[in-house]
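Asker: Output the structure for:
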Amino acid sequence: MPYPYFEEHEDSPRESGNRSGQFNLQRIFLTAWNDRWDFIAEHYRSGPFGLPASYSTLWPGVLADSFDITRMSNLPAQSTITDPNTESISHDGTLAMITITYTPLPADQRESQDPNDPTPLPAGTWCTYRQRTNIEFRSIVGRSCKWSSDSKLLPPDVNQIVPDILTTHEITWNQVQVVPWVTLGNMKGCVNSVACRLPGSPQMFQPETLLFEGMEDEVTLSTDGQWSTRRITLQFTEKAQKAFSSVSRTGASPAGTTIYGWNHQYRDDTADYDKVISADSSETMFQTFDFNSLWTSQT
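Answerer: Numbering: from 1, shown residues only. Modelled structure (predicted):
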């Protein structure tokens, strides 16, 4: 659908910022009151790969974010109503003044909409991404280590304290019309079976390093206000453990691999990581799931 007729207001644009790189960029548009939602709908999908429009050609990575609609004047064609379910005051003869605020979208998030990307998002949806890191400490018993100067084993009462890094990755998936509830349910408590990339992050996560903790969701509206959508927040926790050696010595992971995920535990007797399996089968502690299938699943 093309834009309805509009003009840019003479007070547009409004620009402010600070030396930390935090900018407030706004443009103001005028269109017929009855065309205001058609303008909003088009402006929020006319950018690259169906993303919102950019602030200008000089700012291609700054896209439309929030909007505010006011009237140039009050010209109600019907000043009173008797039933709010079927009637509303209309302002057919006035103009809508639409103020759009634009915010930066990282390049990797724009690229995640690219149909050539290995994990493309459904058309019209988009993700924001953030991460935070925590540290857990564990002890390595002395018999697993030796002194560098004379190769003597550490005394039994000397333990080496090693930090384990746990990183939480949070994905907020916006404007989702078809929620893959079954896939999300199957993913809970699982780790990634194959290498994957989360939309909004350029990092490639090695197998079994991402644990899907769960999700939150809320009902939203499409940007043209015509149908219900959802905003889904997904939580992943990454455990990327590093061993003493730059290569695997136990055969528990491919040669040359230095990353050990959720299904590996540290062994004091070998001073290395090993995969833990059930005593009566070859099942691992955490089941695996292909997280890449989430973004294209319809169920």
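
Asker: Spatially central residue for the chain, please.
Answerer: Centroid-nearest residue in the chain, with Cα atoms, centre = their mean: I171, separated by 2.7 Å.

Asker: Quick check: that residue touching Y129?
Answerer: Yes - contact criterion Cβ atoms under 8 Å: I171 and Y129 qualify, at 5.8 Å. Heads up, the C-betas are built off the backbone N, CA and C, glycines and all.

Asker: list the residues that contact both of these two?
Answerer: L198, P199, G200 (Cβ atoms under 8 Å, 6 or more residues apart in numbering).

Asker: By neighbour count, which of the residues you listed wins?
Answerer: Ranked by neighbour count (other Cβ atoms under 10 Å), those have L198 at the top, with 26 neighbours.

Asker: tell me the SS of that one?
Answerer: Secondary structure, DSSP: H, G, I helix; E, B strand; the rest coil: L198 is coil.

Asker: L211 now?
Answerer: Applying three-state DSSP: L211 is strand.

Asker: Report pLDDT for it.
Answerer: The score at L211 is 96. That number is its pLDDT.

Asker: In which helix or strand does E42 reside?
Answerer: Applying DSSP states H and E as the criterion places E42 in helix 36-43.

Asker: Check F29 too.
Answerer: Counting by DSSP H and E, F29 is part of strand 23-32.

Asker: Now do that strand, average pLDDT.
Answerer: Mean predicted lDDT for strand 23-32 stands at 95.

Asker: Tell me the strands beside that strand, with direction?
Answerer: If you go by DSSP bridges, strand 23-32 pairs up with strand 6-8 (antiparallel), strand 14-17 (antiparallel), strand 95-104 (antiparallel).

Asker: Show me what counts as buried in the longest one.
Answerer: For strand 95-104, the neighbour count (16 or more other Cβ atoms under 10 Å) marks L95, A96, M97, I98, T99, I100, Y102, P104 as buried.

Asker: quick one: the strand ranked longest in the chain to chain centroid distance?
Answerer: In the chain, with assignment by DSSP state E, the single longest strand is strand 160-176. Distance, stretch centre to chain centre, for strand 160-176: 11 Å (Cα atoms, centre = their mean, to the nearest Å).

Asker: which helices and strands does it pack with?
Answerer: strand 126-140, strand 210-221, strand 228-239 (3 or more Cβ pairs under 8 Å, 6 or more residues apart in numbering; DSSP states H and E).
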